[in-house]
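Visitor: Could you look at this predicted model? Sequence included:
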There are 2 protein chains.
Amino acid sequence: MSKSKSAPAASRLPAGNGQASPGGDLQTIGGYLINRLWDYGVRDVFGIPGDFVLNFYGMLEESPLRVIGATREDCAGYAADAYARVHGLGACCVTYCVGGLSTCNSIAGAFAEKSPVVVISGAPGIAERRNDPLLHHKVRDFNTQLQVFEKITIAAASLDDPLTAFREIDRCLEAAVRYKRPVYLELPRDRVRSRALYPHWPASIELQSDAESLQASVSEAIEKINSAKQPVLIAGVEIHRFGLQKDVLKLAEGLNIPISATLLGKSVIAESHPLYLGVYEGAMGRESVRQYVETSDCVILLGAFMTDINLGIFTAHLDPSKCIYATSEQLRVGHHYFRDVLLKDFVTGLHGDKLSARPAVELPVREQRFGEPQPDDSPVTIASLYQHIESILSDKMVVIADVGDSLFAASDLTIRKQTEFISPAYYTSMGFAIPAAVGVQTADSELRPLVLVGDGAFQMTCLELSTAVRHGYNPIVVVLNNKGYTTERFLQEGPFNDILNWNYHRLPDLLGKGWGFEVKSVGELKQAMQAALAHRDSFSILNVHLTSTDVSPALRRLAERMSKTL
Amino acid sequence: MSKSKSAPAASRLPAGNGQASPGGDLQTIGGYLINRLWDYGVRDVFGIPGDFVLNFYGMLEESPLRVIGATREDCAGYAADAYARVHGLGACCVTYCVGGLSTCNSIAGAFAEKSPVVVISGAPGIAERRNDPLLHHKVRDFNTQLQVFEKITIAAASLDDPLTAFREIDRCLEAAVRYKRPVYLELPRDRVRSRALYPHWPASIELQSDAESLQASVSEAIEKINSAKQPVLIAGVEIHRFGLQKDVLKLAEGLNIPISATLLGKSVIAESHPLYLGVYEGAMGRESVRQYVETSDCVILLGAFMTDINLGIFTAHLDPSKCIYATSEQLRVGHHYFRDVLLKDFVTGLHGDKLSARPAVELPVREQRFGEPQPDDSPVTIASLYQHIESILSDKMVVIADVGDSLFAASDLTIRKQTEFISPAYYTSMGFAIPAAVGVQTADSELRPLVLVGDGAFQMTCLELSTAVRHGYNPIVVVLNNKGYTTERFLQEGPFNDILNWNYHRLPDLLGKGWGFEVKSVGELKQAMQAALAHRDSFSILNVHLTSTDVSPALRRLAERMSKTL
């Protein structure tokens, strides 16, 4: 289904000058939007057509952007989110209300986890709206969907007026990239080809740090680090979103400071790096990491959000006076807050010769995480499953973990390269992983997703593997089949945690393609995984039977902690 | 999975008097909510648990309300909507944001089509919110979800304060029943068992018509009807929602006035009734109905909304001066508007001896709709499919049509009993039908759903048949497999209208239960349908192959009309 398209020529031209481009006529609202998306690096748009957006779909089809049809709009949202995490910016395009409102949850997740997704929604034409008729798909009034998205995006606009539409496109796309949050653009169907009223040049305002604030904050931070005995770095998800991985690594290597990551930021730093400590998540994480971090006299948190799950449901003990805390939204050195300092400027500001290099440090030995390999005839357990997964991970794989023990157990996997671990580890919306795999392979067809997903989450969005089939993608899907919502069983048991036990490995029969395996023993696991790795023509799915009480130590600790706050 | 539960005793007691009831302690916010739902007739609640709502799920489990677990929250919303259409009021219960925001589209649809659904969402405890921590599932701030639902419900409240929570429950539930629209109740998890601060009695304010307005409007209407030569009734969906079917029928029968229905109101009046004309939908509908209605000198529209689809994309020609138009929101006789008149009072006001009975009228002969039966070896077409469906419909079946030609072709089916045709005929959200079948059979296990669904819509929500399996429901699902979004092909053709061709009949292999049939010829259709009717233990699914250009006359007319407004 995919097609090869060539780049638009001269896309950075002002609108309104009458010049056409392969991305559509820059003088039109639709054409300008397509060209600006291209300028920002978007190459693929996820979505489902519908009559109020068909005009724009026609224009997309003629453009160099590739349209990836999803089975459901929420899946298009998840795919665009994952695409953004790999590629920098994502986009989905849907129809009015029945389409747009179906993406609310995935877009809210992108907002919460700072993933920049552009939501483009069709809408009834402005001319049709006269006398406020009851057009299909309308909810309360014609602004309902826009109002909803104003709550869950960082910027939202209706492109109903050619006088303002071009500037609104600039404003919203810039906000997406600047704040790493989703934005919403609503395009009435009779405005797709509306022409600019005057020549429009793309606006671009560079944010700058306040020089004195920057200077003061960096100085204080350097002083704090230099006088510390056991400094430690914690890298968070924003290091990835703002492309600062190399800067952080340079800092760690130059100073010989060990580096940890949050769960949401897992794999921001390659986990095979000699200075890598492991994921820090309070009492939920590995004890050696917790101890090293919490006994540090200078914890440098970069781009890390202090969410409940990152903090191990608030079991983390970090003394603010010993912390340097920098994100795109806040900067604090000890108890001093600084304003108007960009994260990038702060991180690069720490480079240079003012920081003293340190002698090599001895990192704590990593605990045995998944136990010893088990004999082939023993039943698969969470431990033996993850032990095997750890052994087959390669540089060309990306681990995508859905919510539940698929995520918590995965926190102990060693990810070889940067940003090859993707998970909704803060918003924790079940059903993220399968459509995310589609988004990841759309962004980089060389990356092979290894999807770890519980049966409950799998039931929500597994059919998006249909899109994987259409495009020849080949994710390996491991279903942790423990017959219900296991994480919740630890909080409150009840029949509402039961779900139907499907023959997950039979999904290929329904879709007409793919490789299915039923796995009960360690031997079957090895065989199935070997076959899945070998079959590169389509997706593979492993239905891994687990008992409903077999959970990772991380989940056990988390559940115990959460049940106390219920 | 279902269980038999007994009714709560003395549920209509004031809260705060210390008296417990089987529905939970009436003094607590959660217990009061459960009891009030019971009072309003709710017996089943659809949903998926999550940690912020687990407390309340525990309370539901102890109550007489039955919890029906769905595979996805949006499906729970659709099921609750369909349940409300059959049962009067529906409810779904979900967790914070990842659950609630997933129901936005189905709840917006219930709003648009006037289906009263109570959305109950868990939320972080008030105590946990101190210092605005980054709790998982949070989007922008703790009020984001409430603000979103304020846009798509008729009433919304956070039950965070025991001083106001009991009154808020009363207000919202009453609004749902009065306006036939969804409402939203957000229950922070540490408020589930919060106790009333003072004794609370359920409030109930009866709306009343303004007596003089009522009198004047009824008089004018009677005069208009009496002086008309060819009056005709058009019954809309509100006749069902407000339970006025018998009143409208009495009117038609007493006066010998033929009666039509809108598409959204189809089957409000049993379509086998001798006075029934057919569905009126402008040029989209049957010509004889259009002609009879549009040449009428007095069109009495009762509970009918003038949506674009009801009006055949505005091809209807109704002269306002010849219309009596009454809904719960508006009353107009000719060009005179009246206010403060309840729909029920107006309809029953027309009864009595002031209206003159008329001689028996001769109704136009119904055109042959689906053609002659075809030989067994001929390929199935839309016409032969619907011809066969028409022949097997019985009184104990309910037809549920999804969006697309499944709906348009179905408009010509003869539905035997009242409200046995269910479809999102105004909001037209694809994917409604399968979860709706679950809602219908939960409301009335004796009703057997016949689900007509296109392949595109089927791909969106077909897995909700898992819930049908869990509860032993036995819908018959007919997949109109025309390999894509056929309705859209008529508006704008493009590769974005293609979807993957699944082996739809293999779904039972995945779910572990159900009967699947692949249908290509008329003979196979007859055999498969006979088998499906005989298999009462589980769902059946017919994968009916159609060509992508074979559409009903209704869709052809609609698509022609819509392509002009693009």
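Guide: Good, I have the coordinates. Source: prediction; values computed, not measured.
Visitor: Helices of the stretch 201-350 of chain A, start to end?
Guide: A:211-226, A:237-241, A:245-255, A:287-294, A:343-349 (DSSP state H, counting those that start in this stretch).
Visitor: thought A:Cys97 was touching B:Asn105?
Guide: Yes - here A:Cys97 reaches B:Asn105: they are 7.4 Å apart, a contact under C-beta atoms under 8 Å. Bear in mind the C-beta positions are built from the backbone N, C-alpha and C, glycine included.
Visitor: Looking at these two now, which is surrounded by more residues?
Guide: A:Cys97 (32 against 29; other C-beta atoms under 10 Å in any protein chain shown).
Visitor: do you know how far that one is from chain B?
Guide: When C-beta to the nearest C-beta, to the nearest Å is the yardstick, A:Cys97 and chain B sit 6 Å from each other.
Visitor: gap between the nearest residue to that residue once chain neighbours are set aside and B:Ile313?
Guide: Nearest non-adjacent residue to A:Cys97, counting by C-beta to C-beta, 6 or more residues apart in numbering or on different chains: A:His137, 4.4 Å away. A:His137 sits 13 Å away from B:Ile313, going by C-beta to C-beta, to the nearest Å.
Visitor: quick revisit: how many other residues sit next to the residue nearest to A:Cys97?
Guide: Neighbour tally, A:His137, other C-beta under 10 Å: 26.
Visitor: Check whether it really touches A:Val94, as I assumed.
Guide: No - contact criterion C-beta under 8 Å: A:His137 and A:Val94 do not qualify, at 11.1 Å.
Visitor: what's the overlap in contacts for these two?
Guide: Counting by C-beta atoms under 8 Å, 6 or more residues apart in numbering or on different chains, the common neighbours of A:His137 and A:Val94 are A:Gly50.
Visitor: now for the helix or strand containing A:Gln387, which elements pack on it?
Guide: Using DSSP states H and E, A:Gln387 maps to helix A:382-392. If contacts are counted by 3 or more C-beta pairs under 8 Å, 6 or more residues apart in numbering or on different chains; DSSP states H and E, helix A:382-392 sits against helix A:405-410, strand A:476-481, helix A:522-534.
Visitor: and the last one, which residues are buried?
Guide: Under the neighbour-count criterion of 16 or more other C-beta atoms under 10 Å in any protein chain shown, helix A:522-534 has A:Val522, A:Glu524, A:Leu525, A:Lys526, A:Ala528, A:Met529, A:Ala532, A:Leu533 buried.
Visitor: any idea how far chain B is from the fourth one?
Guide: Distance, A:Lys526 to chain B, using C-beta to the nearest C-beta: 25 Å.
Visitor: and if you look at the second one?
Guide: Separation of A:Glu524 from chain B (C-beta to the nearest C-beta): 19 Å.
Visitor: I'd assumed A:Ala531 was in contact with that residue.
Guide: No - the pair A:Glu524 / A:Ala531 is not scored as a contact, 10.5 Å apart, by C-beta under 8 Å.
Visitor: what residues are shared contacts of those two?
Guide: Joint contacts of A:Glu524 and A:Ala531 (C-beta under 8 Å, 6+ apart) are A:Phe517.
Visitor: Does the closest residue to A:Pro202 other than its chain neighbours fall in a helix, a strand, or a coil region?
Guide: Leaving aside its chain neighbours, A:Pro202 sits nearest to A:Asp170 (5.7 Å; criterion: C-beta to C-beta, 6+ apart). When classified by DSSP: H, G, I helix; E, B strand; the rest coil, A:Asp170 comes out as helix.
Visitor: cool, and A:Ser121?
Guide: strand.
Visitor: And the residue nearest to it when sequence neighbours are not counted, how close does it get to A:Leu363?
Guide: Nearest residue to A:Ser121, sequence neighbours excluded (C-beta to C-beta, 6+ apart): A:Gly100, at 4.2 Å. The gap separating A:Gly100 from A:Leu363 is 49 Å, by C-beta to C-beta.
Visitor: okay, those two: which has more neighbours?
Guide: Between A:Gly100 and A:Leu363, A:Gly100 has the larger neighbour count (other C-beta under 10 Å), namely 33 against 16.
Visitor: Which residues of the stretch 401-550 of chain A lie near chain B?
Guide: A:426-431, A:459-460, A:462-463, A:466-467, A:469-470, A:485, A:487-488, A:491-492, A:494-504, A:506-507, A:509-512 (C-beta under 8 Å from any C-beta of the partner chain).
Visitor: I'd like the distance between the residue of chain A positioned farthest from its centre and chain B.
Guide: Here chain A reaches farthest from its C-alpha mean at A:Asn131, the gap being 42.4 Å by C-alpha atoms, centre = their mean. Look at A:Asn131 and chain B: by C-beta to the nearest C-beta, they are 11 Å apart.
Visitor: Which pLDDT does the model give A:Pro359?
Guide: For A:Pro359, the model assigns a pLDDT of 84.
Visitor: List phi and psi for A:Met397.
Guide: Backbone geometry at A:Met397, expressed as degrees, to the nearest 10, gives phi -110, psi 150.
Visitor: Quickly list what it is bridged to.
Guide: A:Arg448 (DSSP bridges).
Visitor: how close does it sit to A:Arg448?
Guide: 5 Å.
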